[in-house]
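K.L.:
Fold the following.
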Amino acid sequence: MRVLLRSLLLGLMCLGIPDSARAQGVNLSWGDCGVNGTTAQTFACDANSGAPLALVGSFVPPSGMNEFLGLAAQIDICTTTPTFIDWWAHGTGRCRGTGALSTSFDFTSGPFSCVDFFAGQAAGGYAYDVSFGSADRARLRIQCAIQVDSRGLVDPSNEYYAFRVNINRTKSTGAGSCAGCSIPACITLTSIQLFQPLEAAHDPELSRPIDRNFVQWQVGVPNCPSGIPAVNSSWGKIKNLYR
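P.N.:
Numbers count the residues shown, from 1 in each chain. Got it, this is the predicted structure:
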């Protein structure tokens, strides 16, 4: 009987019966969350229009996130070139300007593979720093929050959408194009920090990959991932995003 019970328990474990939670951490993929997306994005750099290329970040929270309000994420882009390439240079005065990259926290129109806690209510934005840490890198910092009355529980047994980064195809070819579209890059989600009201005193920072915390652009970067240590954010920065 003891042998039979042991065999039954082992069988249940192998079936992957849901436990109290998946391992907490972060995922980064092209197109959708985690394993529902892809690890690499290729683009022939032969068009300046078309659907944006979408990076999707997601997370599995730890326990104790009963009043989730918002998050801050850090993404590093590394091209392993002597200087950072123009196609990935976003911002005022940069080759791609301020309109080729945007962030969104609205998944009400899909995809629907992970849980959408924000339900279209989150407000946020981003900062993009070229040559952050070294000449071949940039850092994308993303923040968002919902109104305090909309705070709520995020369950450790679920994976949640965190953000979408939309990358337009503008200036990829022809006159006025930005050099380097075809050069491979490694994109690493360094961390996602989750925020609750100050009195909760529990704003965990997640950096462990669930399935993967990095993706490739055009494929071919050695030693990917290649992130830079994260810099903690503060709730003071996040609360300014309230509408």
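
K.L.:
ok, residue 24 - contacts?
P.N.:
By CB atoms under 8 Å, 6 or more residues apart in numbering, the contact set of residue 24 is 59, 60, 61, 62, 156, 204, 206, 208. C-betas here are computed from N, CA, C, even on glycine.

K.L.:
can you put those in a markdown table and add distance to residue 125?
P.N.:
Formatted as a markdown table, these follow (distance: CB to CB, whole Å):
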| residue | distance to residue 125 |
| --- | --- |
| 59 | 19 |
| 60 | 24 |
| 61 | 22 |
| 62 | 26 |
| 156 | 28 |
| 204 | 22 |
| 206 | 21 |
| 208 | 26 |
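
K.L.:
so how far is residue 169 from residue 34?
P.N.:
As judged by CB to CB, to the nearest Å, residue 34 and residue 169 stand 25 Å apart.

K.L.:
er, residue 138 actually
P.N.:
Counting by CB to CB, the gap from residue 138 to residue 169 is 18 Å.

K.L.:
Surely residue 57 is in contact with residue 27?
P.N.:
Yes - between residue 57 and residue 27 there is a contact at 7.1 Å, judged by CB atoms under 8 Å.

K.L.:
Please enumerate the shared neighbours of those two.
P.N.:
By CB under 8 Å, 6+ apart, the residues touching both residue 57 and residue 27 are 33, 189.

K.L.:
ok so, going back, more neighbours, residue 138 and residue 169?
P.N.:
With neighbours defined as other CB atoms under 10 Å, residue 138 and residue 169 compare such that residue 138 has more, 24 against 18.

K.L.:
Count the residues that sit near residue 219.
P.N.:
In terms of burial, residue 219 registers 14 neighbours under the definition other CB under 10 Å.

K.L.:
what residue lies at the spatial centre of the chain?
P.N.:
The centroid of the chain falls nearest to residue 57 when counting by CA atoms, centre = their mean (2.7 Å).

K.L.:
Ramachandran coordinates for it?
P.N.:
phi -100, psi 140 (degrees, to the nearest 10).

K.L.:
following the lowest-mean-pLDDT helix or strand in the chain, which helix or strand shows up next?
P.N.:
The helix or strand of the chain with the poorest confidence is helix 2-14; it has a mean of 39 (mean pLDDT, DSSP states H and E). With elements assigned by DSSP states H and E, the helix or strand that comes after helix 2-14 is strand 25-30.

K.L.:
neighbours around residue 103, how many?
P.N.:
19.

K.L.:
name the element it belongs to?
P.N.:
For residue 103, the element it lies in under DSSP H and E is strand 101-104.

K.L.:
so for that strand, what's the average pLDDT?
P.N.:
The average pLDDT within strand 101-104 is 98.

K.L.:
got it, and stretch 63-78?
P.N.:
Here the average pLDDT along stretch 63-78 is 97.

K.L.:
Tell me where the model's unsure across the chain.
P.N.:
1-22, 226-243 (pLDDT under 70).

K.L.:
how many neighbours does residue 204 have?
P.N.:
16.
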